[in-house]
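mind folding the following:
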Amino acid sequence: MKKKSTFMQSIVAVLWAFLGVRKKSGLQEDVNSLSFVHIVIAAVIGALIFMSILLLIVKAVVSH
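Numbering: from 1, shown residues only. Okay, the predicted model is just below:
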């Protein structure tokens, strides 16, 4: 039986994926418990935040 996951667990899993540091056992737990929709939404939000931070850094460097 699948256990219910929260959106916050999906965010944490996506953050670990962005860092590229994850144990295989943790990955298997995520696959078995997390919702695909939550993962996609968390990944899109994470990518937007990452791109926004990069744009702010570039603008700050170019403006000086």
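
next SSE downstream of the worst-scoring helix or strand of the chain on mean pLDDT?
Within the chain, no helix or strand scores below helix 24-33, which has a mean of 82 by mean pLDDT, DSSP states H and E. Helices and strands here follow DSSP states H and E; after helix 24-33, the next one along the chain is helix 36-63.

elements contacting that following helix?
helix 7-19 (3 or more CB pairs under 8 Å, 6 or more residues apart in numbering; DSSP states H and E). (C-beta placed from N, C-alpha, C; glycine too.)

got the CA positions of the helix it packs on in PDB?
Taking Å, rounded to 0.1, in the frame of the first residue of the first chain, the C-alpha atoms of helix 7-19 are listed here in PDB:
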ATOM      1  CA  PHE A   7       4.000  18.500  -1.100                       C
ATOM      2  CA  MET A   8       6.800  19.400   1.300                       C
ATOM      3  CA  GLN A   9       8.300  16.000   0.900                       C
ATOM      4  CA  SER A  10       8.200  16.400  -2.800                       C
ATOM      5  CA  ILE A  11      10.000  19.800  -2.500                       C
ATOM      6  CA  VAL A  12      12.700  18.200  -0.400                       C
ATOM      7  CA  ALA A  13      13.100  15.400  -2.900                       C
ATOM      8  CA  VAL A  14      13.500  17.900  -5.800                       C
ATOM      9  CA  LEU A  15      16.000  19.900  -3.900                       C
ATOM     10  CA  TRP A  16      18.100  16.800  -3.300                       C
ATOM     11  CA  ALA A  17      17.800  16.100  -7.000                       C
ATOM     12  CA  PHE A  18      19.000  19.600  -7.900                       C
ATOM     13  CA  LEU A  19      22.100  19.000  -5.600                       C
END
